[in-house]
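Colleague: whatever this is, show me its structure:
(one chain, ligands or ions: 1)
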Amino acid sequence: MFGIENLTKTFGSGAGRFTAIDGLNLDIQEGELVVLLGQSGCGKTTALRCVAGLESADEGVIRFGDTVVFDSGRGVDVAPEKRELGMVFQSYALWPHRTVRQNISYPLKVRKLTKALKEEKWVEQAADLVDCGPLLDRYPHQLSGGQQQRVALARGLVSRPRLVLMDEPLSNLDALLRVRVRNELHELHQRLGFAGLYVTHDQSEAMALGDRVAVMNKGRIEQIGTPQDVFERPETSYVANFVGITNVLDLVREDGRWRLKAAPDEPVEPASLPEELGAGCQVRFRQSDAVIVPAPTSRSCLRFQATVADSVYVGRSYDVSVSLGDVRLNARADAAVAAGLDRGKPVTVEVPWPACVWFGTDGLRVPVGDLVPS
Ligand SMILES: Nc1ncnc2c1ncn2[C@@H]1O[C@H](COP(=O)(O)OP(=O)(O)OP(=O)(O)O)[C@@H](O)[C@H]1O
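Modeller: Presented below is the predicted three-dimensional model:
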């Protein structure tokens, strides 16, 4: 229904020329919410601004169904207010001297949807959707942060746009409110089924809200898929890091045996890893999967020795930071095990084999997960 083809956007010129969007392709189906996830500067906002028409791309095509709103080749660049989009920003961007009703009704006025405004009561309906019906005559400064964000959401939805663009809309809310408004937004999307493009650098927000999540790196989409796909089967080391698989160990194969780069003299088990991993590889795993054990168990796992650097009680268990050569890893320990975990103490860490994600030296995932070593 909505499509971006080969979108490229550069800023500056000459030696200072910078490619913010680099051949981006993306489609969004009717009723689908796609999240652009990526670190600061990877081009998320620029992509959104190009879709909105607030920025003109150098190359590419943007279309809604059969309507082309941008085509660099044919010189098409439809003005933002004619693209039939809803927009919700991080800053809310509510006008302080206008009431909630005036703020929400603005997109209807711009698009001259007089009937929707007067007879069909779209403003009241949008306000009711986000539980702001009783607030219509208030001014923004008379609202809480969460209420202001709901008003901004109502304004984004009021004109029943073809696509709703949301740029970090929850990031000005405190942690508790953020989760609440996020859940409300999810419910609203389930109920209304609007198509949306949502930008965030927050992994949990992306997982909770996206029908599909597109992880961006250097102006390109590095992986796109359902939250489960991206979370459980990250295709690159960058994506893995972004979805919280932040523990990293580099390994090299020498004389048929695997050694840890950070501590070549420390034993690592299994010493024989699948051939698919070549001469060198990287293994990643989540903190929640790296367990400090009092003695080696018999389960199928990656096992190595490390030294305790710090240990923090987090309720029921401990988060333990361990070092291995100059590498720091985050592990966990049950309260009973953690009792004697003083700084400098050697410990055994086990990571269940299925929780290990393997990458080649090129940063691409090597699918060895099912090949349990003997
Ligand atoms: N008007 C501009 N002129 C020059 N460079 C720009 C301009 N706008 C963005 N950039 C650069 O383009 C890159 C992408 O910026 P963009 O705002 O899209 O990133 P982002 O992923 O949304 O980051 P953040 O999460 O920090 O908002 C950045 O390196 C940024 O400095």
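
Colleague: how many neighbours does residue 97 have?
Modeller: Applying other Cβ atoms under 10 Å, we find 8 residues neighbouring residue 97. Glycine gets a C-beta too; all of them are placed from N, C-alpha and C.

Colleague: how about residue 190?
Modeller: When neighbours are counted by other Cβ under 10 Å, residue 190 comes out with 10.

Colleague: swap in residue 272?
Modeller: 12.

Colleague: wait, what's in contact with the closest residue to residue 357 other than its chain neighbours?
Modeller: Nearest residue to residue 357, sequence neighbours excluded (Cβ to Cβ, 6 or more residues apart in numbering): residue 284, at 4.8 Å. When contacts are counted by Cβ atoms under 8 Å, 6 or more residues apart in numbering, residue 284 is found next to 237, 240, 241, 245, 246, 247, 248, 249, 356, 357, 358, 359.

Colleague: which strand or helix spans residue 284?
Modeller: strand 280-285 (DSSP states H and E).

Colleague: give the partner strands of that strand in its sheet and their orientations.
Modeller: Note on strand 280-285: by DSSP bridges, its sheet partners are strand 247-254 (antiparallel), strand 357-359 (antiparallel).

Colleague: buried deepest among these, which one?
Modeller: strand 357-359 (a mean of 23; mean count of other Cβ atoms under 10 Å).

Colleague: about what we covered before: so for residue 193, which of the strands paired with strand 280-285 sits nearest?
Modeller: Comparison of the strands paired with strand 280-285 against residue 193 by Cβ to Cβ identifies strand 357-359 as nearest, at 33.6 Å.

Colleague: from the contacts of residue 284, which is closest to residue 93?
Modeller: Residue 93 lies nearest to residue 241 out of the contacts of residue 284, by Cβ to Cβ, at 32.1 Å.

Colleague: in its sheet, what does the lengthiest strand in the chain sit against?
Modeller: In the chain, taking DSSP state E as the definition, the longest strand is strand 301-313. Partners of strand 301-313 in the sheet, by DSSP bridges, are strand 268-269 (antiparallel), strand 317-324 (antiparallel), strand 346-352 (antiparallel).

Colleague: skip ahead from the second one and say which helix or strand is next.
Modeller: Along the chain past strand 317-324, the next helix or strand (assigned with DSSP H and E) turns out to be strand 327-334.

Colleague: now the helix or strand following that next one: mean pLDDT?
Modeller: Per DSSP H and E, the first helix or strand lying C-terminal to strand 327-334 is helix 335-338. Averaged across helix 335-338, the pLDDT comes to 83.

Colleague: likewise stretch 179-189?
Modeller: Rounded mean pLDDT across stretch 179-189 is 87.

Colleague: up against the ligand, what does the stretch 101-250 of the chain have?
Modeller: residue 201 (Cβ under 6 Å from any ligand atom).

Colleague: quick one, what contacts the closest residue to the ligand within the stretch 101-250 of the chain?
Modeller: Nearest residue of the stretch 101-250 of the chain to the ligand (Cβ to the nearest ligand atom) works out as residue 201 at 5.1 Å. Listed by Cβ under 8 Å, 6+ apart, the contact set of residue 201 reads 37, 38, 39, 40, 44, 168.

Colleague: what's near enough to touch the residue nearest to the last one when sequence neighbours are not counted?
Modeller: Spelled out, that is residue 168. Leaving aside its sequence neighbours, residue 168 sits nearest to residue 90 (Cβ to Cβ, 6+ apart; 4.1 Å). Residue 90 sits next to 167, 168, 169, 171, 172 when contact means Cβ under 8 Å, 6+ apart.

Colleague: among the residues you listed, which ones are in strands?
Modeller: Using DSSP E, the subset of the contacts of residue 90 located in strands is residue 167.

Colleague: now, which of the contacts of residue 90 sits nearest residue 124?
Modeller: Closest to residue 124, out of all of the contacts of residue 90 and judged by Cβ to Cβ, is residue 169, at 22.0 Å.

Colleague: picking up where we left off before, in the strand holding residue 284, what counts as buried?
Modeller: Using 16 or more other Cβ atoms under 10 Å as the test for burial, strand 280-285 gives 281, 282, 283, 284, 285.
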